[in-house]
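Undergrad: Just a sequence and a predicted model for now, questions to come.
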Amino acid sequence: QVQLVESGGGLVQAGGSLGLSCAASGRTFSNYAMGWFRQAPGKEREFVAAIRWSGGTTYYKDSVKGRFTISRDNAKNTVYLQMNSLKPEDTAVYYCAGATFYISAYNTATSYDSWGQGTQVTVSS
């Protein structure tokens, strides 16, 4: 079992930046990929970004490409999401997710078997 703990959310003005962190503990040696999802009030949870632990291949939702960057520190078992040029529509609870085994659908929530508790990101206009 893998435990995930997010940190770094907060309130920022439009155009600003925030960085999120997700620390993994437990059976981290077996993690295949990590992802970030978000859920705004009244909306479904949606994919934001993902990264493979081995090789570091990244995947992004189209609307965040060029603004968000996902990265990982294998030694610290930590995944990061750097968010720049934030927009009010980026406001949501952001969740970190982990996939223990091979997945092909990085943008699908059901591909992941571990989830963090979520951290609020609010972007004011």
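TA: Received the coordinates, thanks. Numbering: from 1, shown residues only.

Undergrad: and the spatially most central residue of the chain, what are its bridge partners?
TA: The residue lying closest to the centre of the chain (CA atoms, centre = their mean) is Trp36, at 2.0 Å. Beta-bridge pairing for Trp36 (DSSP bridges): Ala49, Cys96.

Undergrad: Surely it touches Leu20?
TA: Yes. Using CB atoms under 8 Å, Trp36 is in contact with Leu20, at 7.1 Å. Every C-beta, even on glycine, is put in place using the N, C-alpha and C of the backbone.

Undergrad: Next, show the common contact partners of the two.
TA: Jointly contacting Trp36 and Leu20 under the rule CB atoms under 8 Å, 6 or more residues apart in numbering are Leu81, Tyr94, Cys96.

Undergrad: can you pull out the strands in this structure?
TA: 2-7, 10-13, 18-26, 33-39, 46-52, 58-60, 68-73, 78-83, 92-99, 114-115, 119-124 (DSSP state E).

Undergrad: Show me the one of the ones you listed that comes nearest Thr108.
TA: strand 46-52 (7.3 Å; CB to CB).

Undergrad: Name the surrounding residues that touch the closest one.
TA: 32-39, 57-61, 64, 68, 70-72, 79, 81, 94, 106-109.

Undergrad: Please list only the buried members of the residues you listed.
TA: Neighbour counting by 16 or more other CB atoms under 10 Å classes 32-38, 59-61, 64, 68, 70, 72, 79, 81, 94, 106, 109 among the contacts of strand 46-52 as buried.
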